[in-house]
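>>> Quick one, what's the 3D model for this:
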Amino acid sequence: MPANEILALAMFLSFIALVFTGFPVAWILGGLSVLFTALAIVLEVDFAIPIGMGWDYTSLTVDRVWNVMENWVMVALPMFIFMGLLLDRSGIARELMISFSRLFGGIRGGLAITVTLIGLLLAATTGIIGASVVLLALLGLPVMLNQGYDKALASGTVCAVGTLGILIPPSIMLVLMADRMSMSVGDLFLGAVFPGMLLGGLYIGYLLAYGFLRPERAPAAAHDPVDWSAIVDLFRAILPPAFLILAVLGSIFLGLATPTEAAGVGAAGAWLLAALKKQLGGGVMKDVLEETTRTTAFIFAVLLGATAFSLVLRGLGGDELIEGALLSLPFGATGIVICILIATFILGFFLDWIELTLIILPLVSPVVTGLGFDPVWFTVLFAVCLQTSFLTPPVGFAIFYLKGVAPEGIDVRTIYRGVVPFILLQLLGLVILFNWEALVTWLPAQAYGS
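Next comes the predicted model:
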């Protein structure tokens, strides 16, 4: 193996190892790019080992960073984050919980289904995983436990449903993927609609079956009779988030606004809803703006570090190394894609979705596209696969979000047991999407003729 490829492999393995130190990922990525550039220069100058990379090449990072920071698509990120955080303070989810539980609480597993339906609506309006999991835990978990629900089922439902926002548009992950892959955000948003609905449907189907087979662990709840007033209350509760979903996604899908412009509409709409519900007092705006700034800074810091890391890794021949390794596998084109997805699932046990999106996706996507697969289809598959990373130990962030606010008696072991069936459902959804490509590609083709 050539020396430059050995360096590329060492660089990648060093990144995975250093992630476990708890050091900020952005500094790990940037530091490794500097360290391995210096190492390449030492090997070439002092030991006459041909590497073919120096500081003049690494200095291209400045141009790459400039291209990232002036990209208008990325402006949508802070506005979508602001929209999601402000909606969590608006009280919409609490009204939905009351209305849905009155309608569905009388059936076995109905409260868990209520949490799922609320999570689907939150996913289409917020996309902030930590906020969604915490909010669903505070609203739904005590109610389910008080009705005698199995602790593992209740906690697993909250964790799994709270992660839907990373996939269902407007998803900040899809915005980031579109930027990295130079793809249309609208295509990815449309391609993720049916997969998101599919996962939600699988969750609801599982909960109905669980309630039927194990009624003592998912009992029907005491509730008021369902009448027209209950339906009217539900309609009123759904109307605000539906308005916001239509304003944001409708303007993108109909070609009336770019994703960046639609993000501005969503941020303004979230502020308007919070103002109408009189939820802007008590320093709410200050807290939301601070959290928006903190989250945006974290994402962009990792993005800048990943830009330098990717540049150096490519300079060392890392992309050719990965491409050659994938194409040399003793499988056909379909087998290679399956291997990539399996590797992504395993890496999700240890790495966050941001690192996988910024490092792994740009390396493997050209190989998949070169094999003749639709890039939108593969990117959405990759996104569905990444969703499992929020639930898989030891770095399952949704699990830790829930543990931070869970009532006494809900330990990490209980949450792990609860999320296992939902991880299997996510993998089932991935298999369905893999075999029925039209579930991803049909809607973008109808909308844009692509």
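
>>> which stretches of the stretch 351-450 of the chain aren't confidently modelled?
By pLDDT under 70, the weakly predicted segments of the stretch 351-450 of the chain are 394-395, 448-450.

>>> can we see that at 90?
Along the stretch 351-450 of the chain, segments meeting pLDDT under 90 span 351-367, 369-371, 386-416, 443-450.

>>> need the helices for it, in chain order.
Assigned by DSSP state H, counting those that start in this stretch, the stretch 351-450 of the chain shows helices spanning 353-355, 361-370, 375-387, 397-405, 412-435, 438-448.

>>> name the helices or strands packed onto the shortest one?
For helix 353-355, the contact count by 3 or more Cβ pairs under 8 Å, 6 or more residues apart in numbering; DSSP states H and E identifies helix 284-315 as packing neighbours. Yep, even glycine has a C-beta here, placed from its N, CA and C like the rest.

>>> go again using 10 Å as the cut-off
Using 3 or more Cβ pairs under 10 Å, 6 or more residues apart in numbering; DSSP states H and E as the contact criterion, the secondary-structure elements in contact with helix 353-355 are helix 3-19, helix 25-46, helix 172-181, helix 284-315, helix 375-387.

>>> so can I have TSV of the ones you listed showing distance to residue 366 and mean neighbour count?
Rendered in TSV, the data for these read as follows (distance: least, Cβ to Cβ, whole Å; neighbours: other Cβ atoms under 10 Å):
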stretch	distance to residue 366	mean neighbour count
helix 3-19	16	17
helix 25-46	20	18
helix 172-181	9	23
helix 284-315	11	19
helix 375-387	9	24
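
>>> of all the ones you listed, which lies closest to residue 245?
Put simply, out of the helices and strands packed on helix 353-355 the one that sits nearest residue 245 is helix 172-181, at 15.2 Å, with distance taken as Cβ to Cβ.

>>> Between helix 438-448 and the very next helix or strand once past the closest one, find me the angle.
Using DSSP states H and E, the helix or strand that follows helix 172-181 towards the C-terminus is helix 185-213. Calculated by axes from the mean of the first three to the mean of the last three Cα atoms, to 10 degrees, helix 185-213 forms an angle of 140 degrees with helix 438-448.

>>> Would you mind writing the CA trace of the helix or strand just after helix 185-213 as CSV?
Later in the chain than helix 185-213, the nearest helix or strand by DSSP H and E is helix 228-245. In CSV, the C-alpha atoms belonging to helix 228-245 read as follows (Å, rounded to 0.1, in the frame of the first residue of the first chain):
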residue,chain,number,x,y,z
TRP,A,228,-68.1,16.6,17.9
SER,A,229,-66.6,19.0,20.4
ALA,A,230,-63.6,16.6,20.7
ILE,A,231,-63.1,16.7,16.9
VAL,A,232,-63.4,20.5,16.8
ASP,A,233,-60.8,20.8,19.6
LEU,A,234,-58.5,18.5,17.7
PHE,A,235,-59.0,20.5,14.6
ARG,A,236,-58.1,23.7,16.4
ALA,A,237,-55.0,22.1,17.9
ILE,A,238,-53.8,20.8,14.6
LEU,A,239,-54.5,24.1,12.7
PRO,A,240,-51.4,26.1,13.9
PRO,A,241,-48.8,23.5,13.1
ALA,A,242,-50.6,22.6,9.8
PHE,A,243,-50.5,26.3,8.9
LEU,A,244,-46.7,26.4,9.5
ILE,A,245,-46.1,23.1,7.6
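
>>> Name the nearest residue to residue 118, ignoring sequence neighbours.
Nearest residue to residue 118, sequence neighbours excluded (Cβ to Cβ, 6 or more residues apart in numbering): residue 96, at 4.8 Å.

>>> again but with residue 189, I slipped
residue 169 (3.8 Å).

>>> Which neighbouring residues are in contact with the one you found, exactly?
Counting by Cβ atoms under 10 Å, 6 or more residues apart in numbering, residue 169 makes contact with 80, 123-124, 127, 175, 185-186, 188-193, 196, 245, 248-249, 252-253, 259, 262.

>>> Next: residue 153.
Contact partners of residue 153, counting by Cβ under 10 Å, 6+ apart, are 109, 112, 144, 206-207, 210-211, 214, 217-218, 414, 417-418, 421-422.

>>> before we move on, what about residue 367?
If you count contacts by Cβ under 10 Å, 6+ apart, then residue 367 has 319, 322-327, 333, 336-337, 340, 373, 378 around it.

>>> Quick check: it vs residue 329, distance?
Noted for residue 367: a distance of 11 Å to residue 329, by Cβ to Cβ, to the nearest Å.

>>> what is in contact with these two at once?
Contacts common to residue 367 and residue 329, judged by Cβ under 10 Å, 6+ apart, are 336, 340.

>>> right, and residue 383 touches residue 341 too?
No - counting by Cβ atoms under 10 Å, residue 383 does not reach residue 341; the two are 11.2 Å apart.

>>> returning to that earlier point: in three-state terms, label the residue nearest to residue 189 for me.
Under the three-state scheme (DSSP: H, G, I helix; E, B strand; the rest coil), residue 169 adopts coil.
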